[in-house]
Structures are given as C-alpha cells and as structure tokens.
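Enquirer: When you get a sec, could you give me coordinates for this:
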Amino acid sequence: MDLSGAQWFKSSHSGGNDDCVEAAWLGTEQVGVRDSKNPTDPALIFTQAAWRAFTTAVRGD
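Expert: As a prediction, the model looks like this:
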C-alpha cells in the first residue's frame, strides 16, 4: 500500500517527543500505525474496528 500521501498524527498525550507512534486514517476502513522515530520503516495496517477496540482497551473504557 502506498502511504506517501498519508497524513500522520501523534496523540495529544505524546508530550511532543519523538518516542511514540503515529497513526493515519487510510480511507474509510483502515488505520496505519508507525514508529515516529523510524517513519520510513513499514507501517502496520489495521481495520478501523480493530484500532477502535485497541484504543478502547488502552483507555479502559
């Protein structure tokens, strides 16, 4: 998948450092996740449902 046009963002809780992950919405069904220290390394791709389940579990909702 070509991710060159993806708009990556960090969590507002990242504290502005480079030791975190970045995410990008990839259309309506997928989310890309990458290491902010190595943005040219391959990204992981998840369905939006899987990403939502992960973030919900991390927040403890």
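Enquirer: switch to C-alpha atoms for all contacts and neighbour counts from now on
Expert: Noted.
Enquirer: any idea which element Thr56 lies in?
Expert: helix 48-59 (DSSP states H and E).
Enquirer: what's the offset of that helix from the middle of its chain?
Expert: Taking C-alpha atoms, centre = their mean, to the nearest Å, the mean C-alpha location of helix 48-59 is offset from the chain mean by 11 Å.
Enquirer: Report the buried residues of it.
Expert: Judged by neighbour count using 16 or more other C-alpha atoms under 10 Å, the buried positions of helix 48-59 are 48, 51.
Enquirer: Dump it to PDB, restricted to CA.
Expert: Coordinates of each C-alpha in helix 48-59 appear next as PDB, following Å, rounded to 0.1, in the frame of the first residue of the first chain:
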ATOM      1  CA  GLN A  48     -10.800   0.700  11.900                       C
ATOM      2  CA  ALA A  49     -12.700  -1.800  14.100                       C
ATOM      3  CA  ALA A  50      -9.500  -3.400  15.300                       C
ATOM      4  CA  TRP A  51      -8.000   0.100  16.000                       C
ATOM      5  CA  ARG A  52     -11.100   1.200  17.900                       C
ATOM      6  CA  ALA A  53     -11.000  -2.000  20.000                       C
ATOM      7  CA  PHE A  54      -7.300  -1.400  20.800                       C
ATOM      8  CA  THR A  55      -7.700   2.300  21.800                       C
ATOM      9  CA  THR A  56     -10.800   1.500  23.800                       C
ATOM     10  CA  ALA A  57      -8.900  -1.200  25.700                       C
ATOM     11  CA  VAL A  58      -6.000   1.100  26.300                       C
ATOM     12  CA  ARG A  59      -8.200   3.800  27.700                       C
END
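Enquirer: Which strands or helices does that helix pack on?
Expert: In terms of contacts (3 or more C-alpha pairs under 8 Å, 6 or more residues apart in numbering; DSSP states H and E), helix 48-59 is packed against strand 30-35.
Enquirer: quick one: strands adjacent to the strand it packs on?
Expert: Looking at strand 30-35 with DSSP bridges, its partner strands are strand 21-26 (antiparallel), strand 44-47 (antiparallel).
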